[in-house]
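Q: Got a sequence here, can you model it:
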Amino acid sequence: QIESLDKSLEDLLTRVDEFVGMLDMIRSDSSQVVNESIPQIYTKATEMRQIYRKIDKLEAFVKMVGNSVAGLEERVIKAETDLGAFPSTFKKILHTISIPSFLNKSSSSRQQQTLYEPPALFKTEDYFPCLHEAPY
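A: Below is the predicted model:
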């Protein structure tokens, strides 16, 4: 019985040593995480906040450009309805051929009624000042 008890104690001591070794490994991993990984994660999170701000600004820029394009499309559609969407090459051909006078009068009166006002366009350089710099 003493031999079996001795063997059981040796097994138990071996298991305790293994357990202590695992605890030491866990402690060293935990300290590595606390001392090295967490500061690295914090640094990356700070960098990501700056990237998120840039993404937000870019989204606002894209929305502004979309609104500008939509406004220009509305103006083009209005101009087409006001002036007629007839292609200019056909107009030139029709002008060379004798056209009834009522067509000429209606188109000239329409053109006189509408004055062209150029749209206010944005400048990309205002939003991306780094474009003025020389390329690498």
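
Q: quick check: longest helix of the chain.
A: The residue-count maximum for a helix in the chain (DSSP state H) belongs to helix 38-83.

Q: Give the rounded mean pLDDT of that one.
A: Per-region confidence: helix 38-83 scores 90 on mean pLDDT.

Q: and that helix, what does it pack onto?
A: Judged by 3 or more C-beta pairs under 8 Å, 6 or more residues apart in numbering; DSSP states H and E, the packing partners of helix 38-83 are helix 101-113. C-betas here are computed from N, CA, C, even on glycine.

Q: can you rerun that using 10 Å?
A: With contacts defined as 3 or more C-beta pairs under 10 Å, 6 or more residues apart in numbering; DSSP states H and E, helix 38-83 has these neighbours: helix 101-113, helix 124-127.

Q: rank those by pLDDT, which is bottom?
A: helix 101-113 - the lowest mean pLDDT of these, at a mean of 49.

Q: Give me the distance from the host helix or strand of Ser31 to the chain's centre.
A: For Ser31, the host element (DSSP states H and E) is helix 2-32. On the basis of C-alpha atoms, centre = their mean, to the nearest Å, helix 2-32 sits 55 Å off its chain's mean C-alpha point.

Q: That one relative to helix 38-83, how many degrees between them?
A: If you take axes from the mean of the first three to the mean of the last three C-alpha atoms, to 10 degrees, helix 2-32 sits at 50 degrees to helix 38-83.

Q: other SSEs contacting helix 2-32?
A: Short answer (3+ C-beta pairs under 10 Å, 6+ apart): helix 2-32 packs on no helix or strand.

Q: please renumber so the chain begins at 12
A: New numbering, starting at 12: the last item is helix 13-43.

Q: and Pro130, which of the three is it?
A: coil (DSSP: H, G, I helix; E, B strand; the rest coil).

Q: Alright, calling it a day.
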